[in-house]
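Trainee: Take a look and give me a structure for this.
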Amino acid sequence: MATSRGRDGRSGKNIVIIDLHVHTRRHSGCSRIEPGDLIEAALNRGLEGLVLTEHGILWREDRLAVLREEAGAKGLLILAGQEITCLEQGRRKDFLIFGVARSLSGNQSPAELVAGVHGEGGVIVAAHPFKPSRLGAGYHGIGEEIYDLDVDAVEVLHPEHNEKARERAAAAAREKGIPATGGSDAHEQERLGTFATRFLDPVNSMPDLVRGIREGRVEPVRGRAGGRWHARPAGLAGPAGTAC
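Mentor: Take a look at the predicted model:
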């Protein structure tokens with residue numbers, strides 16, 4: 001991967017900006033992003049890395065290798081995680097999974113999913129836990145159940161988290177003593193990198209990324225024009241979107 005564009009004034013170590021929540025047409029039918037278009041789009045947004053988190057499937061390493069090699073030659077790190085949805089009583093409860101080497105199923109309870117991910121050495125992030133449901137009541141996410149689950153981080157900055165949702169997600173992270181992350185949940189190129197996560201130590205592999213989240217060496221950031229980034233208080237408004 002290429003050198004980082006900034007440095008952490010506290011530690012002197014490289015800072016890496018990664019969009020942890022990205023979907024492509026290859027494995028997520030609701031996305032309009034062609035995998036081959038990701039690289040230039042990500043670089044234009046000032047990203048240094050991204051994670052493909054397709055719905056219910058992990059990219060096969062051999063299929064990812066060509067894309068990863070092309071991206072690496074241009075200074076962009078591409079990794080693969082997955083987004084898993086557990087359905088309970090008609091509610092969607094979404095999670096981002098990193099560091100598990102196989103596709104997982106949503107046919108289990110959130111508690112079972114958390115235990116399984118940890119059993120395989122991975123980390124699990126509560127995706128947009130307080131995103132308002134399109135049905136008009138409740139959440140398109142785990143909601144208050146986050147306090148009962150041993151998740152490793154909370155996705156606080158997300159395009160469909162309104163001010164109240166961000167405040168509640170940030171409060172959950174603080175009260176549980178776990179890190180907050182940001183991700184674009186991009187299904188269109190224009191949305192890529194609207195939110196991302198700053199890693200305070202170099203990330204060159206999935207084990208590096210897992211370690212950064214597990215050790216809390218991350219913070220959510222919002223993208224700005226010209227590839228600049230800044231941390232955002234959870235209560236501030238951001239761009240709207242229509243991800244699935």
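Trainee: Below-threshold pLDDT in this protein: ranges please.
Mentor: 1-13, 29, 134-137, 139, 224-228, 230, 232-244 (pLDDT under 70).
Trainee: that's a strand at L43, yeah?
Mentor: No: counting by DSSP: H, G, I helix; E, B strand; the rest coil, L43 falls outside a strand, being helix.
Trainee: can you pull the contacts of it?
Mentor: L43 makes contact with K74, G75, L76 under the criterion CB atoms under 8 Å, 6 or more residues apart in numbering. In this view, the C-beta of every residue, glycine as well, is placed from N, C-alpha and C.
Trainee: Out of those residues, who's the most crowded?
Mentor: The most crowded member of the contacts of L43, judged by other CB atoms under 10 Å, is L76 (22 neighbours).
Trainee: L47 is in contact with that residue, correct?
Mentor: Yes: L76 is in contact with L47 according to CB atoms under 8 Å; the separation is 6.9 Å.
Trainee: in this structure, which spans are helices?
Mentor: Secondary structure of the chain, counting by DSSP state H: helices at 38-44, 61-73, 110-119, 163-176, 206-214.
Trainee: For V125, find the nearest of these.
Mentor: Minimum separation from V125 across these (CB to CB) falls at helix 206-214, 7.2 Å.
Trainee: Which strand runs longest in this structure?
Mentor: strand 77-88 (DSSP state E).
Trainee: Packing partners of it?
Mentor: Packing partners of strand 77-88 (3 or more CB pairs under 8 Å, 6 or more residues apart in numbering; DSSP states H and E): strand 14-22, strand 49-55, helix 61-73, strand 91-98, helix 110-119, helix 206-214.
Trainee: and among the ones you listed, the most buried is which?
Mentor: Comparing the helices and strands packed on strand 77-88 by mean neighbour count (mean count of other CB atoms under 10 Å), strand 14-22 ranks first with a mean of 26.
Trainee: between that strand and strand 91-98, how many degrees?
Mentor: 140 degrees (axes from the mean of the first three to the mean of the last three CA atoms, to 10 degrees).
Trainee: Using JSON lines, lay out the helices and strands packed on strand 77-88 together with distance to P179.
Mentor: Converted to JSON lines, the helices and strands packed on strand 77-88 look like this (distance: least, CB to CB, whole Å):
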{"stretch": "strand 14-22", "distance to P179": "11"}
{"stretch": "strand 49-55", "distance to P179": "15"}
{"stretch": "helix 61-73", "distance to P179": "25"}
{"stretch": "strand 91-98", "distance to P179": "13"}
{"stretch": "helix 110-119", "distance to P179": "16"}
{"stretch": "helix 206-214", "distance to P179": "6"}
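Trainee: re earlier: let me know which of the helices of the chain is the nearest to I15.
Mentor: Taking CB to CB, helix 206-214 is the member of the helices of the chain nearest to I15, at 11.2 Å.
Trainee: on contacts alone, who are the packing partners of the closest one?
Mentor: Counting contacts by 3+ CB pairs under 8 Å, 6+ apart, helix 206-214 packs against strand 77-88, strand 91-98, strand 123-126, strand 195-199.
Trainee: Which residues outside it are in contact with it?
Mentor: Residues outside helix 206-214 that contact it (CB under 8 Å, 6+ apart): 18, 51, 79-81, 98-99, 121-123, 125, 152-153, 179, 181, 199-203, 217-218.
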